[in-house]
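Peer 1: Everything below, folded, please.
(one chain, ligands or ions: 1)
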Amino acid sequence: MNLNEIKTYFPILTQSVNGHPLVYLDNAATSQKPKVVIDTLEAYYQTYNANPHRGVHTLGVKATDAYEAAREKVKTFINAKETAEIIFTRGTTSSLNLVAQSYVGQFLKEGDEILITQMEHHSNLIPWQQAAKKIGAILKYIPLSPNGTIDLDNVKESMTANTKFISITHVSNVLGTINPINEIVKLAHKQGAVVCVDAAQSVSHFKVDVQDLACDFLAFSGHKMMGPTGIGVLYGKKQILEHMPPIEYGGEMIDFVGLYDSTWKELPWKFEGGTPIVAGAIGLGTAIDFLEQIGLETIRLHEKKLANFALEQLSAIKGISIYGPKNPEQRGGVITFNIDNVHPHDLATFLDQEGIAIRAGHHCCQPLMKWLNVSATARASFYLYNTEEDIEFLINGIKKAKVYFEDAFAI
Ligand code: PMP
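Peer 2: You can find the predicted model right below:
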């Protein structure tokens, strides 16, 4: 598969928006789906839709096999040791909430410390904030360096004998920062703390190997990796998951149900109460096949090239502030910026009229906006189907917007 012609695999990208060819630069919010993923969903609903695990009929067996085959693909994709460590959830948010309720809420106690950073997405902040309140644990923030990175000395200084749990984003959905997870995990484990990684912005952009990272939990969403919405993954080390209680009780997750007590299925099913997200999981499996056909190394190189090109072009615009690290090794394909005298919402609305989709706002990172001392930013985020031409459209659009709004200011 050639990256130059990759857009043709994505039906949505061939349309015009507001009279212009669509330039989709909102990939950190969600990614577009290749036709093979859409076809997979259609085939499932048209030919073998059935409730898995229970049915002995042909369709039920087929649906069960496809659902479990998708789990196997996820296992290989992130190099987990076994499928018992792969729990299907609704997405990163559900995965992190599962850890908050079933691990932090159960195994941490009053006075224990939870460490996070101010660059976390609300999904990797509120679950710990709320769990900490409930059990009387202390939520602490590792200070960020001025360029929006994490300095390991600050990690060391933030840790105490009471640090029991750390949750960090692998890649910031605002700053684009790639965080040094390997090193943080080493420091945490020395201290006896468990590490959870928010991989929503990483797994689909470069190779993530959970055994190499040695993290204890890793959470991600299918929709950000060309899969359907409504499906996500929680990876957890088996020896930890085994001790955690289910958080949803009902069908599918039980072994035996008595009048006054019940027992649970083994991993991973004890965490998958109710009818599973079959179509979502199977669609995610196809997205993984597609990603692997292209290769994560190729995707990383492509996005790095795009980010460098965009940073170079954007930096030449007068009155622009670009946030996050400058070093290409420390950042992914997410670029966040503000333009003097142009509100990011106005910019995004103006660009939309040119067929260019970017995001404006706080990006579910209000504490990070506070740290940046802004109320909102504009964000362009790239994926494998974006091209240098897309970035040229963006740059021209921003230049036009600047003229438009500066003229408006001059009146
Ligand atoms: N963490 C990060 C870093 C994200 O970018 C997002 C999605 N914007 C999430 C968590 C939450 O993902 P979801 O909404 O798919 O649960």
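Peer 1: Now the residue of the stretch 251-400 of the chain found nearest the ligand: closest residue in space, sequence neighbours ignored.
Peer 2: Nearest residue of the stretch 251-400 of the chain to the ligand: residue 364, at 5.8 Å (CB to the nearest ligand atom). In short, each C-beta sits where N, CA and C put it, glycine included. Closest residue in space to residue 364, ignoring its immediate chain neighbours: residue 122 at 4.5 Å, by CB to CB, 6 or more residues apart in numbering.
Peer 1: and the one you found, how many neighbours does it have?
Peer 2: Neighbour count of residue 122, defined by other CB atoms under 10 Å: 16.
Peer 1: would residue 291 count as being in a helix?
Peer 2: Yes - counting by DSSP: H, G, I helix; E, B strand; the rest coil, residue 291 is part of a helix.
Peer 1: dump the residue contacts of it.
Peer 2: Residues counted as contacts of residue 291 (CB atoms under 8 Å, 6 or more residues apart in numbering) are 77, 204, 225-226, 299.
Peer 1: switch to 10 Å and redo it
Peer 2: Applying CB atoms under 10 Å, 6 or more residues apart in numbering, we find residue 291 in contact with 34, 77, 203-205, 225-227, 298-299, 384.
Peer 1: What does the pLDDT read for it?
Peer 2: Among the per-residue scores, residue 291 shows a pLDDT of 98.
Peer 1: Quick check: residues of the protein near the ligand?
Peer 2: For the chain, the contact set with the ligand under CB under 6 Å from any ligand atom comprises 28-29, 91-93, 121, 123-124, 169, 173, 198, 200-201, 221, 364.
Peer 1: Show me what the worst-scoring helix or strand of the chain on mean pLDDT is packed up against.
Peer 2: Scoring the helices and strands of the chain by mean pLDDT, DSSP states H and E places helix 388-410 at the bottom, with a mean of 91. Judged by 3 or more CB pairs under 10 Å, 6 or more residues apart in numbering; DSSP states H and E, the packing partners of helix 388-410 are strand 20-21, strand 23-24, helix 296-315, strand 334-339, helix 344-353, strand 356-357, strand 377-381.
Peer 1: out of the residues of the chain next to the ligand, who has the most neighbours?
Peer 2: residue 169 (30 neighbours).
Peer 1: Contacts only, for the closest residue to that one other than its chain neighbours.
Peer 2: Using CB to CB, 6+ apart and skipping residues adjacent in sequence, the residue nearest residue 169 is residue 198, 4.3 Å away. Neighbour list for residue 198: 92-93, 95-96, 116, 120-121, 123-125, 167-173, 179, 217-220 [criterion: CB under 10 Å, 6+ apart].
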